[in-house]
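Colleague: based on what follows, work out the 3D shape:
(2 chains)
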Amino acid sequence: MKRILMDFWVGVFVLIGITCISILSFKIASKSNLGINKHVYSLHARFNNIGSLKLNAPVKVSGLTIGRVTNIELDPKTYEAIVTMQIDDSYKFSTDSSAQILTIGLLGEQYVGLQSGADSNYLGDGGQITITSSALVLENLIGKFLTNVTNK
Amino acid sequence: MIKENYIVKNIFIIIGKIGSPFTEFILSLGNITRLFINILGSLLYTFKKIPLIIKELYFSGVRSIIIISVSGLFVGMVLGLQGYNTLQRFGSVSMLGSLVAISLLRELGPVLTAILFASRAGSGMTAEIGLMKATEQLEAMNVMAIDPVKYVITPKFLGGIISVPLLAALFNICGIYGGYFVGVILLNMDSGTFWSQMHDSIIFHEDVFNGIIKSFIFGITVNLISVYQGFVAKPTAEGVSSATTKTVVNSALSVLALDYVLTALMF
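Modeller: As a prediction, the model looks like this:
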């Protein structure tokens, strides 16, 4: 086979390969994982019960993802779960913001929903959200419902 | 007395036969590592001989494009069909895109590409080197003070390890479009859901990058086994044929075993 033709086909092959890798990296994969984006700050929130919240779960405001859960640990004194979130730098939250653990769909994945308050001071890096409400545990809910029914 | 000696001797032989596969295995591990170090030592020299590498890229890479893209397409289509049927039971058909993409990027792409590469290009490499040995071409090179590792083995190895990650990426893309074809065009799923679910669940450094690293490691494994089997093949027709068989079998086994280890380390 002629040298030039072989060079041509090898060039085509390498181009195809590089195109495929770049399609995979730019079109298929998301860059929205905020670990890559450097402009983030972290917020903490304490919950009595986090349900089945997992690391990397989305943090959403009005349904839009603006951050991720980066750490979950248990406070050894109060036995509360401390959830650390990385939030996109361009969104600020007032000191009386509230955090909730919500579920996508009826049985879907859990995420943290944030709601900004009215205070004019904003939470900085490492700030703590004080108003929180825990995840709904289905068993507790059914238990309450049953006691209500039997009391009537 | 003589009879007892006979029995003892036989027992020794039987135990030795049980042990010999292990010692052979360890011996071949040592040999393969020595060859690998030898190849690494001649990498710099071979990099200057670009025409040699291009020739190998043509034989191992360009001529594998068709088999890789066709099998990728069908694997993706099967994934789409099976995934659709299974996800339908849970009413979460919308997850099909991410199912297809994650299983291709993380596992099926690198593993199947490596195995297909071993049987398409690796066995060819083994046969070529083995035949060169059988026809005493390697000996002739040695006589002319040309190192066959530098001129024959390393270019093949380099061409192979460049090809495998590129082929794996091609396999993934074909597979994803195969899944898209079945899910969206044949089974009337929403095309926006398919892509956006996939886009949401795939993270670059976790799925794409780890997949590329995996296929690179598999490429090194498969190519090393191929050139090694050719290099140590018995210089007869039978020796070459059994060496090609060994290449395919050993590559498949070691890729699958390595895959488990890498998955446990990465994810």
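Colleague: where does the residue nearest to A:His44 when sequence neighbours are not counted fall, phi/psi-wise?
Modeller: With Cβ to Cβ, 6 or more residues apart in numbering or on different chains as the measure, A:Gln128 is the residue that lies nearest to A:His44, at 4.7 Å, once sequence neighbours are left out. In short, each C-beta sits where N, CA and C put it, glycine included. Backbone geometry at A:Gln128, expressed as degrees, to the nearest 10, gives phi -120, psi 130.
Colleague: and what of the one 4 residues further on?
Modeller: The phi/psi pair for A:Thr132 (degrees, to the nearest 10) reads phi -130, psi 150.
Colleague: can you check the one 5 residues further on too?
Modeller: Taking degrees, to the nearest 10, you get phi -100, psi 120 for the backbone angles of A:Val137.
Colleague: please tell me how far it sits from A:Gln110.
Modeller: Here the criterion is Cβ to Cβ, to the nearest Å. By it, A:Val137 lies 11 Å from A:Gln110.
Colleague: between the two, which one's more packed in?
Modeller: Regarding A:Val137 and A:Gln110, a neighbour count based on other Cβ atoms under 10 Å in any protein chain shown identifies A:Gln110 as having more, with 19 against 12.
Colleague: in chain A, what residue comes closest to chain B?
Modeller: Scanning chain A for proximity to chain B using Cβ to the nearest Cβ identifies A:Gly17 as nearest, at 2.6 Å.
Colleague: are we agreed that that residue is in a strand?
Modeller: No - with DSSP: H, G, I helix; E, B strand; the rest coil as the criterion, A:Gly17 is assigned helix and is not in a strand.
Colleague: isn't it right up against B:Asn172?
Modeller: No - between A:Gly17 and B:Asn172 no contact is recorded; they are 11.0 Å apart, counting by Cβ atoms under 8 Å.
Colleague: give me the number of residues near the residue nearest to A:His44?
Modeller: When counting by other Cβ under 10 Å, one arrives at 13 neighbours for A:Gln128.
Colleague: same question, B:Ala118
Modeller: Around B:Ala118 there are 28 other residues, counting by other Cβ under 10 Å.
Colleague: swap in A:Pro76?
Modeller: A:Pro76: 6 surrounding residues under other Cβ under 10 Å.
Colleague: look up how far A:Ile82 lies from it.
Modeller: Following Cβ to Cβ, the distance that separates A:Pro76 from A:Ile82 is 11 Å.
Colleague: chain A contacts on the stretch 101-250 of chain B?
Modeller: With the criterion set to Cβ under 8 Å from any Cβ of the partner chain, the stretch 101-250 of chain B comes near chain A through B:101, B:105, B:162-163, B:165-167, B:169-170, B:172-173, B:176, B:198-200, B:202-205, B:207-208, B:212.
Colleague: are any of those residues buried, and which?
Modeller: A residue is treated as buried here by neighbour count (16 or more other Cβ atoms under 10 Å in any protein chain shown); on that basis the buried members of those are B:101, B:105, B:162-163, B:165-167, B:169-170, B:172-173, B:176, B:198-199, B:202-204, B:207-208, B:212.
Colleague: tell me which of the residues you listed fall in helices.
Modeller: Mapping those onto helices (DSSP state H) picks out B:101, B:162-163, B:165-167, B:169-170, B:172-173, B:176, B:198-199, B:212.
Colleague: okay, and residue 72 sits in which element?
Modeller: This is for chain A. Element membership for A:Ile72, per DSSP states H and E: strand A:64-74.
Colleague: chain B was what I was after
Modeller: B:Gly72 belongs to helix B:65-89, assigned by DSSP H and E.
Colleague: likewise for A:Ser52?
Modeller: According to DSSP H and E, A:Ser52 maps onto no helix or strand at all.
Colleague: where does pLDDT dip in chain A?
Modeller: In the predicted model of chain A, residues A:30-38, A:106-107, A:152 satisfy pLDDT under 70.
Colleague: can you give me the helices for it?
Modeller: Counting by DSSP H, chain A has helices at residues A:3-22, A:138-151.
Colleague: do the stretch 151-267 of chain B as well
Modeller: Taking DSSP state H, counting those that start in this stretch to define them, one finds helices in the stretch 151-267 of chain B at B:154-180, B:191-201, B:209-232, B:237-266.
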